[in-house]
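Q: next comes the sequence, and after it the predicted model I'd like to discuss.
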Amino acid sequence: MTDTTESSTPKTASHDNEPNPKLRAFMNSGWADSERQDVTLSDVGVWAAKRRDALSQAFPGERLVIPAGTYKVRSNDTDYVFRPHTDYVWLAGDQTSDAVLVLEPNGTSGHDSVLYFRPRSDRSEGEEFWRDRMYGELWAGRRPSLTETSKEFGIETRHVDQLADALKGDVPTRVRRDEDESIASLLSGARTDDLKDNELASTLSELRLVKDAFELEQLRDAVAITHRGFSDVLAEMDQVRKYGERWIEGTFWRRARAEGNDVGYSSIAAAGPHATTLHWIENDGPVVDGTLMLLDMGVENRRLYTADITRTLPVSGEFTPRQRDLYQLVLDAQNAGIAALKPGVTFRAGHDAAMEVIVHGLDAMELLPVTAEEALDPESMLYQRYTLHGVSHMLGLDVHDCAAARAEMYRKGPLETGYILTVEPGLYFQSDDLTVPEDLRGIGIRIEDDILITDTGAENLSEAMPRTVDAIQNWMAS
């Protein structure tokens, strides 16, 4: 069976041909029924229903609207690959573009969930399926039917053309949207004066802080694929030396696409002095023996959960004595940061423990203009010239997950069992920094792992990836 949809003008390009009536008639006939009969409720569908129930309890009597988003233009008439909004994925499980999840108050204490989206079009009428460059099946690939999506995610589905009417009525409405995403056209008739999406966004981020069992499984999967991606790079060091940072980026991306959905963020393949730029994503420089390469990369798996791991590696396969000492300092700081994490401590506990180690190490190297105690004073913090950033952020469907959570629940709040966050201290000596010895200038080192808060402490989800000096050198040699 196919879904009946309202006819619309297909999205075509200026250079497309206009079909004649005979071609139209021919294109709309002779197609087999391609409705999938094997669709069953997915594991993510079960978990998504539980998450919607939790959100429903937070907003009794209010309509909640969570869009997936649409395509974003890369250039002219070409779009970036679509990736749905994180909150939508978390609540629906679905990854279809141009979809909107609506939680409608049902008059009791809960909500009825309806998923509005653009399903595959009927091939017996209309031109969308063979002419529309954005949604046409012959142009952009198969979209699921309403029935298929309903079965897969255990939710009622309707065509997105019905959304505007569904949002009419005197019902307080909250919409989760990004600042650059307008869905005003969908809200005709809704009480837009009641759109308090900041509160909805904060609530969703806070609900997502504790990862459920399904999410933990997905993050373990993303970490494992990421490990293989790093190993792919090390296995091709001859090509890396030939083509530079570009080869690192491309090699890792190949693994991300083969086993996952994509990279979770733009890969940082920073060799030599590029490693002192925190978010170096140009990835167009050389990779030279004797220097270090800082690789900050993570795979987004097929359920859209991302790892975020950094390793700093000697291009030649062995650290120089100076590089080894600096690396060990950062590693000691990271170990201290991880050891400080457990339920009940503040989010900054890992950062503070890591910085204690870093600062005393910098003091021993005579790189501070003041004592270690003075540098650690909140009124000073001069050491940040060489560390630049905090050591942790939440991790999940977004690489910087739960970003809309209130400070008292996140940055200033206590850790809870089920949180997953990074620990990633670093040292960065800029090439033009006259406050450090010349042989340190242009060196950047960061070590980052993905940490699960357990009932008794912390588990390093990426522990299998070598971190110690000897383990890294053995990894590269193998």
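A: Great, that's in hand.

Q: contacting residues for the most centrally placed residue in the chain?
A: In the chain, the centroid-proximal residue (CA atoms, centre = their mean) is residue 398; its distance is 2.9 Å. By CB atoms under 8 Å, 6 or more residues apart in numbering, the residues touching residue 398 are 86, 306. From N, CA and C alone the C-beta is placed, and that goes for glycine too.

Q: and it, what helix or strand is that in?
A: Under DSSP states H and E, no helix or strand contains residue 398.

Q: so for stretch 316-336, what's the average pLDDT?
A: Stretch 316-336 shows a mean pLDDT of 97.

Q: for it, buried residues please.
A: Residues 316, 319, 323, 326-327, 329-336 are the ones in stretch 316-336 that count as buried (16 or more other CB atoms under 10 Å).

Q: next: stretch 255-266.
A: The neighbour-count check on stretch 255-266 (16+ other CB under 10 Å) flags 255-256, 259-265 as buried.

Q: from those residues, pick the one nearest residue 122.
A: In terms of CB to CB, no member of those lies closer to residue 122 than residue 261, at 29.2 Å.

Q: check contacts around that closest one.
A: 300-302, 304.

Q: which members of those occur in strands, if any?
A: residue 300 (DSSP state E).

Q: out of the contacts of residue 261, which are buried?
A: Buried among these (16+ other CB under 10 Å): 300-301, 304.

Q: tell me where the stretch 151-300 of the chain has strands.
A: With DSSP state E, counting those that start in this stretch as the criterion, the stretch 151-300 of the chain has strands at 156-159, 173-175, 262-263, 268-271, 292-297, 299-300.

Q: hey, which of the ones you listed is tucked in deepest?
A: Comparing the strands of the stretch 151-300 of the chain by mean neighbour count (mean count of other CB atoms under 10 Å), strand 299-300 ranks first with a mean of 28.

Q: and that strand, how far out from the chain middle?
A: Between the centre of strand 299-300 and the centre of its chain there are 8 Å (CA atoms, centre = their mean, to the nearest Å).

Q: what's downstream of that strand, the next helix or strand?
A: Following strand 299-300 in sequence, per DSSP H and E, is strand 309-314.

Q: in terms of secondary structure, what does that next one contact?
A: The contact analysis (3 or more CB pairs under 8 Å, 6 or more residues apart in numbering; DSSP states H and E) places strand 309-314 against helix 213-235, strand 292-297, helix 321-339, strand 443-446, helix 469-477.

Q: can you list the ones you listed in TSV and add distance to residue 102?
A: What follows is the helices and strands packed on strand 309-314, written out as TSV (distance: least, CB to CB, whole Å):
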stretch	distance to residue 102
helix 213-235	23
strand 292-297	37
helix 321-339	42
strand 443-446	42
helix 469-477	49
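
Q: right, so of those, which gets closest to residue 388?
A: That would be strand 443-446 among the helices and strands packed on strand 309-314, by CB to CB, at 9.7 Å.

Q: who does the following helix or strand past the closest one pair with, and is each partner parallel or antiparallel?
A: Moving toward the C-terminus from strand 443-446, the next helix or strand (DSSP H and E) is strand 449-453. With DSSP bridges as the test, strand 449-453 is paired with strand 420-423 (antiparallel), strand 458-460 (antiparallel).

Q: what two of the contacts of residue 261 have the greatest distance between them?
A: Top of the distance list for these (CB to CB): 300 and 302, 8.4 Å.

Q: got any residues that touch both of these two?
A: Shared contacts of residue 300 and residue 302, counting by CB under 8 Å, 6+ apart, come down to 260-261.

Q: now render the contacts of residue 261 as TSV, adding distance to residue 169.
A: What follows is those, written out as TSV (distance: CB to CB, whole Å):
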residue	distance to residue 169
300	38
301	40
302	38
304	33
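
Q: got the contacts of residue 261 as CSV, with distance to residue 429 and pLDDT columns?
A: Conversion of the contacts of residue 261 to CSV gives the following (distance: CB to CB, whole Å; pLDDT from 0 to 100):
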residue, distance to residue 429, pLDDT
300, 32, 98
301, 35, 98
302, 39, 98
304, 36, 98
